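Student: model this:
(one chain, ligands or ions: 2)
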Amino acid sequence: MNPFKFISAKDTNAAIAAHHQNNQAAFLAGGTNLMDLMKEHVALPNEVIDLGRIGLKEIKETANGVSLGALASNTLTANHILVRKHFPLLSKAILAGASAQIRNMATNGGNLLQRTRCSYFYDISMPCNKRKPGSGCAAMEGFNRMHAIFGWSDQCVAVYPSDMAIALSTLDARIKVSGNGSQRVIEMKDFHLLPGSHPEKDNSLSSGELITSIELAKNSFGKIGLMLRSGTEIPMRLRWYLLP
Ligand SMILES: Cc1cc2nc3c(=O)[nH]c(=O)nc-3n(C[C@H](O)[C@H](O)[C@H](O)COP(=O)(O)OP(=O)(O)OC[C@H]3O[C@@H](n4cnc5c(N)ncnc54)[C@H](O)[C@@H]3O)c2cc1C
Ligand code: SF4
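Tutor: Ligands and ions are numbered 1, 2, ... in the order given. Modelled structure (predicted):
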């Protein structure tokens with residue numbers, strides 16, 4: 001692992017300001033993906049800004065739905081009464097992923113920003129356009145059985161690994177982000193990007209923008225995990241999450 005400076009931000013503004021001072025810095029939430037990337041020399045931040053002391057861990061009811069704090073753990077989110085009651089498919093999607101230990105550490109914001117699991121991306125001896133733009137794609141002629149059949153480009157055929165993101169996409173979630181003096185909302189359908197000619201860019205966040213929350217509006221579709229129990233037909237793309 002390369003040497004790096006470590007700071008612990010006291011609040012959202014301090015974290016954003018620290019990143020604004022140094023765009024080679026990385027935010028650290030649960031660390032379950034970032035630490036692996038740093039150990040493998042895939043991510044090389046010269047500064048790590050720990051978000052652990054920042055609030056943003058609350059899950060609360062809003063006027064028309066539920067707000068998930070970006071730093072709430074995946075475990076808290078999946079088991080929260082509001083999520084289980086109004087969005088059971090999200091709860092099931094989260095619990096379908098990783099392990100209890102990982103979910104205890106992993107946060108909602110970090111989950112959306114985890115990087116691909118393509119093995120060539122993690123192997124710095126191999127060409128990978130996502131890790132090193134212009135170097136090539138080892139998966140094209142290599143081991144690619146678990147790679148994309150839709151949405152790939154001649155630059156990258158990797159798939160996006162988050163279980164939670166698929167459910168959020170289905171629920172038309174909205175991602176609230178803050179930057180240096182700005183705030184905006186990104187529709188989930190616009191959040192992740194197809195590889196196209198820039199596979200190194202996974203999402204539509206600008207450098208230094210911090211995810212603060214994920215907003216869900218209540219709708220009958222959100223309860224689809226409950227409807228299954230009464231025998232209702234469900235779309236094929238959701239069966240993975242809903243069937244026992
Ligand atoms: C063994 C293992 C198995 C796994 N299996 C699954 C699985 O089956 N399904 C699945 O979906 N996932 C799986 N994962 C991935 C896991 O869910 C992610 O690693 C985790 O959700 C990342 O969250 P984190 O809080 O630890 O993020 P970190 O590792 O702390 O951060 C990840 C990235 O997000 C950035 N970041 C974090 N929070 C914010 C924020 N609020 N705003 C802006 N940037 C931020 C960081 O800078 C970093 O770039 C697995 C991981 C491991 C290690
Ligand atoms: S599929 Fe994408 S992530 Fe995997 S080696 Fe090719 S460019 Fe890299």
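Student: flag the shaky bits of this protein, pLDDT-wise.
Tutor: Where the chain drops to pLDDT under 70, the residues are 220, 222-244.
Student: wondering if the longest strand along it reaches ligand 1 at all.
Tutor: Taking DSSP state E as the criterion, the chain has its longest strand at strand 210-217. Yes. For strand 210-217 and ligand 1, the contact criterion (C-beta under 6 Å from any ligand atom) is met by 210-211. (C-beta placed from N, C-alpha, C; glycine too.)
Student: ok, and what's touching that strand?
Tutor: 12, 15-16, 19, 27, 51, 56, 62, 64-70, 86-87, 90, 108-109, 112-113, 168, 171-179, 183, 185, 205, 222 (C-beta atoms under 8 Å, 6 or more residues apart in numbering).
Student: buried ones in it, by neighbour count?
Tutor: For strand 210-217, the neighbour count (16 or more other C-beta atoms under 10 Å) marks 210-216 as buried.
Student: which residues does the nearest residue to I186 once chain neighbours are set aside contact?
Tutor: The spatially closest residue to I186, leaving aside those adjacent along the chain, is I175, at 4.6 Å (C-beta to C-beta, 6 or more residues apart in numbering). For I175, the contact set (C-beta under 8 Å, 6+ apart) comprises 112, 185-188, 191, 211, 213-215.
Student: return the member of these nearest to ligand 1.
Tutor: Relative to ligand 1, the closest of the contacts of I175 is I211; by C-beta to the nearest ligand atom it sits at 3.8 Å.
Student: if we ignore the residues flanking it in sequence, what's nearest that closest one?
Tutor: G109 (3.8 Å).
Student: settle this for me: the one you found is touching A70, isn't it.
Tutor: Yes. With contact defined as C-beta atoms under 8 Å, G109 reaches A70; the gap is 3.4 Å.
Student: much appreciated, bye for now.
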